[in-house]
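*Asks:* quick one, what's the 3D model for this:
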Amino acid sequence: MSLLHKNVSAVSEAIFREQRQLRKERLLASPGLIIGFVGFVIILILAVLVPALSSADPNAMVVVDRLKPPSAEHILGTDEFGRDLFVRLMYGARVSLWVGGCVAIFSCVLGVVIGIYASYFKVLDHILMRICDGLIAIPGILLAIALIAALGTSSWNVVVALTIVYTPSVARTVRASAMVVREQPYVEAAKVQGFSDFRILWKLILPGVISPLTVQASFIFAQAIISEASLSFLGAGVPAPAASWGNMLQASKLVFSKAPWTMICPGAAVVVCVLSLNLMGDGLRDFMDPRTKGGAKK
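*Replies:* Modelled structure (predicted):
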């Protein structure tokens, strides 16, 4: 028995090492995932540590320092009110990351509930999917503006509006994946054995939709950041004078010719953050898709 136990342990350890090596190879074969993750983490760290990096108030006006170009004192320069752009940029990152993260989480949770139940119950499928189709038919930015106009301008209302905008697309993705999982033999066997619908949905079908859901969550995170910046730029997002990338872009319109850095810096921040999240999403999709395994080895 001890010899058999040792052989089983050795085989298990060898399999574990092989799987770990394969995961490492697949990770190294996806440089976009690494680059995107590093870029996102840098932005996140700067946003979290900004109070420790600078004690300046992001909304404090210093008229004598208005429209100063980048220098040792002000790394990214100042805006038309003399506010430090680097400090405002990092506080704006907090707003964008908070809005994007909340929207990604809330829309994924609601989308999972709607999509899984719609995939399993035909009556709910007809009702919920028609509602989702109606919401998807409305351009997202227009729907968000209409909802914020009804709810009022605040960061929480932006989260609510964007959650309503992005939940239907998540629900359709989850439904499509869940319908594939529902036809698997182990789900049919669970039905025959008398498993409850709740247990089948959340114990057997849910794990099968986690992979595509994780990938879509990263893309929704990026889209929500762009949408929040667009809404703030249009005056329907986070109300001024709060530091927000969209507010900074909106304010820079009047002084762009004299101080181009006031628009370049927040614009570059949006591009870098969204690009990092998109690279992460593409990398996660390749990393989680077993069909790319052979291509990664090649």
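
*Asks:* where does the stretch 1-150 of the chain dip in pLDDT?
*Replies:* For the stretch 1-150 of the chain, applying pLDDT under 70 flags the ranges 1-29.

*Asks:* now the helices for it?
*Replies:* Shown for the stretch 1-150 of the chain, the helices assigned by DSSP state H, counting those that start in this stretch span residues 2-28, 31-53, 85-120, 122-137, 140-151.

*Asks:* pick the most buried one from those helices.
*Replies:* With neighbours taken as mean count of other CB atoms under 10 Å, the helices of the stretch 1-150 of the chain reach their highest mean count in helix 85-120, at a mean of 22. In this view, the C-beta of every residue, glycine as well, is placed from N, C-alpha and C.

*Asks:* tell me the angle that helix makes with helix 122-137.
*Replies:* Put simply, helix 85-120 runs at 150 degrees to helix 122-137, going by axes from the mean of the first three to the mean of the last three CA atoms, to 10 degrees.

*Asks:* what helices and strands are in contact with helix 85-120?
*Replies:* Applying 3 or more CB pairs under 8 Å, 6 or more residues apart in numbering; DSSP states H and E, we find helix 85-120 packed against helix 31-53, helix 122-137, helix 155-182, helix 206-233, helix 245-251, helix 261-288.

*Asks:* can you list those in a markdown table and add distance to residue 59?
*Replies:* As requested, the helices and strands packed on helix 85-120 are exported to a markdown table (distance: least, CB to CB, whole Å):
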| stretch | distance to residue 59 |
| --- | --- |
| helix 31-53 | 13 |
| helix 122-137 | 36 |
| helix 155-182 | 15 |
| helix 206-233 | 15 |
| helix 245-251 | 11 |
| helix 261-288 | 15 |
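
*Asks:* quick one: closest of the ones you listed to residue 65.
*Replies:* Ranking the helices and strands packed on helix 85-120 by proximity to residue 65 (CB to CB) places helix 261-288 first, at 13.1 Å.

*Asks:* in the closest one, which residues are buried?
*Replies:* 261-263, 265-266, 269-270, 273-287 (16 or more other CB atoms under 10 Å).

*Asks:* wait, which of the helices and strands packed on helix 85-120 is closest to residue 61?
*Replies:* Closest to residue 61 of the helices and strands packed on helix 85-120, according to CB to CB: helix 245-251, at 12.3 Å.

*Asks:* pLDDT (mean, whole number) over that closest one?
*Replies:* Across helix 245-251, pLDDT averages out at 90.

*Asks:* state the pLDDT value of the most centrally placed residue in the chain.
*Replies:* In the chain, the C-alpha nearest the mean C-alpha coordinate belongs to residue 221, at 1.8 Å (CA atoms, centre = their mean). Per-residue confidence at residue 221 stands at 95 (pLDDT).

*Asks:* my read is that it contacts residue 102, right?
*Replies:* No: counting by CB atoms under 8 Å, residue 102 is not a contact partner of residue 221; they are 9.9 Å apart.

*Asks:* returning to that earlier point: wait, which of the helices and strands packed on helix 85-120 is closest to residue 85?
*Replies:* Short answer: helix 261-288, nearest of those by CB to CB, at 5.4 Å.

*Asks:* to residue 184, which of the helices of the stretch 1-150 of the chain lies closest?
*Replies:* With CB to CB as the yardstick, what comes closest out of the helices of the stretch 1-150 of the chain is helix 85-120 (12.5 Å).

*Asks:* just how off-centre is that closest one within its chain?
*Replies:* Relative to the chain's own centre, helix 85-120 is displaced by 6 Å; criterion: CA atoms, centre = their mean, to the nearest Å.

*Asks:* wait, residue 46 touches residue 54, no?
*Replies:* No: the criterion here is CB under 8 Å, and residue 46 misses it with residue 54 at 10.7 Å.

*Asks:* how much space separates the spatially closest residue to residue 39 that is not a sequence neighbour from residue 50?
*Replies:* In space, and not counting its chain neighbours, residue 39 is closest to residue 276: 3.5 Å by CB to CB, 6 or more residues apart in numbering. Distance, residue 276 to residue 50, by CB to CB, to the nearest Å: 18 Å.

*Asks:* ditto for residue 144
*Replies:* The value you get for residue 144 to residue 50, if CB to CB is used, is 27 Å.
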